[in-house]
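In: this is a predicted model, with the sequence first.
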Amino acid sequence: MGIRLGAIADDFTGATDLANNLVRAGMRVVQLIDVPEEGDRADGGPGIAEDVDAVVIALKSRTVPVPEAVDASLRALAWLRGAGAEQIYFKYCSTFDSTPAGNIGPVAEALMDALGTDFTVATPAFPDNGRTVFKGHLFVGDVLLSESGMRDHPLTPMTDSNLVKVLGAQTTRPVGLIDHTVLAGGADAVRARIAELRSQGVAFAIADAVSNDDLLRLGEAVRDLPLVTAGSGLAIGLPANWGVEPSSSAAQLSPAAGHRAVVSGSVSTATNGQVRAFLDTGRPAFSVDPLRIAAGADVAGEALAFADAHLADGPVLIYSTEAPDAVRGVQRRLGAAEAGELVERTLAEVARGLVARGVRQLVVAGGETSGAVVQALGVTGLRIGPQIDPGVPWCAATLPDGSPLHLTLKSGNFGAPDFFSAAFALLETS
């Protein structure tokens, strides 16, 4: 059978975030790492497994040059359509991470062209994680996006919270708004507004959403659109369009075993707090210094030697997480791209070494870090399991040698302060 929903995510943690919401709504979901070879599926056979309702393809396309992001997204689209996907979901970050050059707008336009559609919606809203859209403006908690920690993001600083303007700067097509008063009128009112916008030549509509009810109404209203674009929040409103209802069985994974570890490369405010909370518990932690990496020190080897002494009493944390001022200082000395690549390569090498030492419960924090780690481990697919915190589930993977790995890929912006401890506690009780 073909899959019902095919999703293209622009980073690895974002893919897991989306898949998590689909599972919570009852869908059985597999996340694939990058575009599979033609005919492949998550368990290595031809076609799609019969018990999968949705497939999410995780790309690493959020901050690459626009042509690369478009090419990767179109390849993912071709695979998903070949697998029978009835609707396509382009997933980006709940903080709308992008620049005036892209990549959200150019990728969305390319997908529209390939699907032959003249209209889609766009909303990064995810109220469960404090991301809401009101009158087209994105809020992070109680503050506008432009006043949040995202204004200091090293790659995609978000200094404007007006999403109509932000998306309009990235596209060649007009951008409109479906505001909260329309959403309050229900799915029929939303469909009427979509028809009105289309008659005006509008191709993209930013959709307000201040509650899950808004997303459920929007999800029902976009049932017939070939393409939707959103953060992960809209996922809660789509499974019901295929008669799928929430079920705990959709999130079942096999029991976990083995050593426990956390690898963190995120510089977000949320992850900084999670690292501090872990350090406050007195558990073993090793700080990765990008300047020492650049100087030629074997930082990965030092981190693994540290882990050797502490894994039996784990979990162990290996981190490169700093406050914005410290990050900017490193970037001034090394360059933003070079600093990020040094840390990613080192943490990926550390993760590979940890798994070789018997770690089978691994938390990875940060989108770029997660991408580097899963590629280093040779993970090609994930079965999505139970939620730890909104937007972040445990997943099950099979390593190239056939051994199992429980893995969670956490967006830097997500999770409560005690996330690392809570993650392992959940596996103990599952």
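Out: Good, I have the coordinates.

In: where in the stretch 201-350 of the chain is pLDDT low?
Out: Applying pLDDT under 70 to the stretch 201-350 of the chain picks out residues 321-339.

In: switch to 90 and redo it
Out: 247-254, 266-269, 289-297, 314, 320-345 (pLDDT under 90).

In: mind checking what secondary structure residue 122 has?
Out: Recorded secondary structure, residue 122: strand (DSSP: H, G, I helix; E, B strand; the rest coil).

In: list the beta-bridge partners for it.
Out: For residue 122, the beta-bridge partners under DSSP bridges are residue 206, residue 229.

In: my guess is it contacts residue 166. True?
Out: No - contact criterion CB atoms under 8 Å: residue 122 and residue 166 do not qualify, at 9.9 Å. Yep, even glycine has a C-beta here, placed from its N, CA and C like the rest.

In: what residues sit buried inside stretch 164-179?
Out: 164, 166, 167, 168, 170, 171, 173, 175, 176, 177, 178, 179 (16 or more other CB atoms under 10 Å).

In: gap between the two ends of that stretch?
Out: Stretch 164-179 has an end-to-end distance of 11 Å (criterion: CA to CA, to the nearest Å).

In: what about the longest helix along the chain, distance to the chain center?
Out: Ranked by residue count, the top helix of the chain under DSSP state H comes out as helix 336-356. Counting by CA atoms, centre = their mean, to the nearest Å, helix 336-356 is centred 19 Å from the centre of its parent chain.

In: what does stretch 267-274 give?
Out: 16 Å.

In: go on, stretch 244-255?
Out: 20 Å.

In: start and end of it, how far apart?
Out: Stretch 244-255 has an end-to-end distance of 26 Å (criterion: CA to CA).

In: what's the answer for stretch 407-425, then?
Out: Stretch 407-425: ends 14 Å apart by CA to CA.

In: next one: stretch 131-142
Out: 9 Å.

In: and the contacts of that stretch?
Out: If you take CB atoms under 8 Å, 6 or more residues apart in numbering as the criterion, stretch 131-142 is touched by 94-96, 123-125, 130, 144-145, 148-150, 161-164, 177, 179-180, 206-211, 231, 233.

In: buried subset of these?
Out: 94-96, 123-125, 130, 144-145, 148-150, 161-164, 177, 179-180, 206-210, 231, 233.

In: looking at the residues you listed, which are in helices?
Out: 163, 164, 180.

In: and those, which is closest to residue 270?
Out: residue 163 (21.3 Å; CB to CB).

In: what sits against the closest one?
Out: Taking CB under 8 Å, 6+ apart, one finds 96, 122, 124, 133, 136, 137, 138, 206 in contact with residue 163.

In: after the longest strand along the chain comes which helix or strand?
Out: When the chain is parsed with DSSP state E, its longest strand is strand 381-389. Note on strand 381-389: by DSSP states H and E, the next helix or strand toward the C-terminus is strand 392-398.

In: other SSEs contacting that next one?
Out: Under the contact criterion of 3 or more CB pairs under 8 Å, 6 or more residues apart in numbering; DSSP states H and E, strand 392-398 touches helix 12-24, strand 381-389, strand 404-410, helix 419-429.

In: quick one: closest of these to residue 243.
Out: Closest to residue 243 of those, according to CB to CB: helix 12-24, at 14.4 Å.

In: pLDDT averaged over that closest one - what is it?
Out: Helix 12-24 shows a mean pLDDT of 90.

In: tell me the helix or strand right after that helix.
Out: strand 29-33.

In: what sits up against that next one?
Out: Taking CB under 8 Å, 6+ apart as the rule, strand 29-33 contacts 12, 15-16, 19, 22-23, 41-42, 49, 52-58, 250, 374-375, 379-384, 395.

In: give me the sheet partners of that strand and which way each runs.
Out: Counting by DSSP bridges, strand 29-33 is paired with strand 54-58 (parallel), strand 381-389 (antiparallel).

In: tell me, how many residues neighbour residue 362?
Out: By the criterion of other CB atoms under 10 Å, residue 362 has 24 neighbours.

In: and residue 229, what does it touch?
Out: When contacts are counted by CB under 8 Å, 6+ apart, residue 229 touches 89, 90, 91, 92, 104, 108, 111, 120, 121, 122, 204.

In: give me the buried subset of the contacts of strand 29-33.
Out: Taking 16+ other CB under 10 Å as the criterion, what is buried in the contacts of strand 29-33 is 12, 15-16, 19, 22-23, 41-42, 52-58, 250, 374-375, 379-384, 395.
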